[in-house]
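Asker: pasting a predicted model and its sequence here:
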Amino acid sequence: MAGTVYYAALAAGAAFIVIGIASSIYSVTPVDVPLDNTLRQGMVDVITPDMNAGNTAAIMVTGQAYEITIEDPDGQEIVFERGNSTFAYDLTAQKAGEYRITVNNTGSSDVNIAGHAQTKSSALGLTAALMLAVTGVIVIGLALRFRRH
């Protein structure tokens, strides 16, 4: 019985460590995320991709009346536009950090948002992945208590 628990806990701990390390690597790697949303009248959408320098985002907004603002990680305004048909912008991040794209529907009909942005996980995502790896180490430590002598 103790031998079975030992091997099961050892395998579980190893799996936790492997998954935690893989998740840690994935959480700091930018991935392409589609932007697809419809804003009803009077609604605001805030998109905050965490980008590395050189990452890209493309956004297209269509609708009767809207305002769009794009800010860099320091809060400096890159683009501000009031539109009434179609707006398209290709952003290449000049510096690493969280960019802010705000779309405000100021009209009486829906506004559609389309495009993509490269973003990575937040610091919380990295912390969770590392905690999973640490949990694996703890489980392996507990498994050693069940090992036959």
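Answerer: Nice, I can see it.

Asker: going forward, measure contacts between C-alpha atoms and count neighbours the same way
Answerer: Will do.

Asker: report the residue ranges of every domain in this protein.
Answerer: As recorded under automatic domain parsing, the domains making up the chain are 1-28+121-149, 32-120.

Asker: comparing the ones you listed by mean pLDDT, which bottoms out?
Answerer: Mean pLDDT across the domains of the chain is lowest at domain 1-28+121-149; the value there is a mean of 86.

Asker: ok now it, how far from the chain's centre?
Answerer: Its chain's C-alpha centre and that of domain 1-28+121-149 lie 24 Å apart, by CA atoms, centre = their mean, to the nearest Å.

Asker: and the most centrally placed residue in the chain, how far is that from Ser23?
Answerer: In the chain, the residue lying closest to the centroid (CA atoms, centre = their mean) is Ser121, at 4.0 Å. Distance, Ser121 to Ser23, by CA to CA, to the nearest Å: 10 Å.

Asker: give me the contacts around the helix or strand where Met131 lies.
Answerer: Using DSSP states H and E, Met131 sits within helix 123-145. For helix 123-145, the external contacting residues (CA atoms under 8 Å, 6 or more residues apart in numbering) are 5-7, 9-10, 12-21, 23-24, 27-28.

Asker: tell me where the protein has helices.
Answerer: Counting by DSSP state H, the chain has helices at residues 2-27, 123-145.

Asker: contacts only, for Asp110.
Answerer: Thr38, Leu39, Arg40, Gln41, Gly63, Gln64.

Asker: cutoff 6 Å now
Answerer: When contacts are counted by CA atoms under 6 Å, 6 or more residues apart in numbering, Asp110 is found next to Leu39, Arg40, Gln41.

Asker: picking up where we left off before, got the buried residues for the helix holding Met131?
Answerer: For helix 123-145, a neighbour-count test (16 or more other CA atoms under 10 Å) marks 125-126, 129-137, 139-140, 143 as buried.

Asker: save those as CSV, and put in distance to Pro49 too.
Answerer: Formatted as CSV, these follow (distance: CA to CA, whole Å):
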residue, distance to Pro49
Gly125, 14
Leu126, 16
Ala129, 20
Leu130, 22
Met131, 24
Leu132, 25
Ala133, 26
Val134, 28
Thr135, 29
Gly136, 31
Val137, 33
Val139, 35
Ile140, 37
Ala143, 41
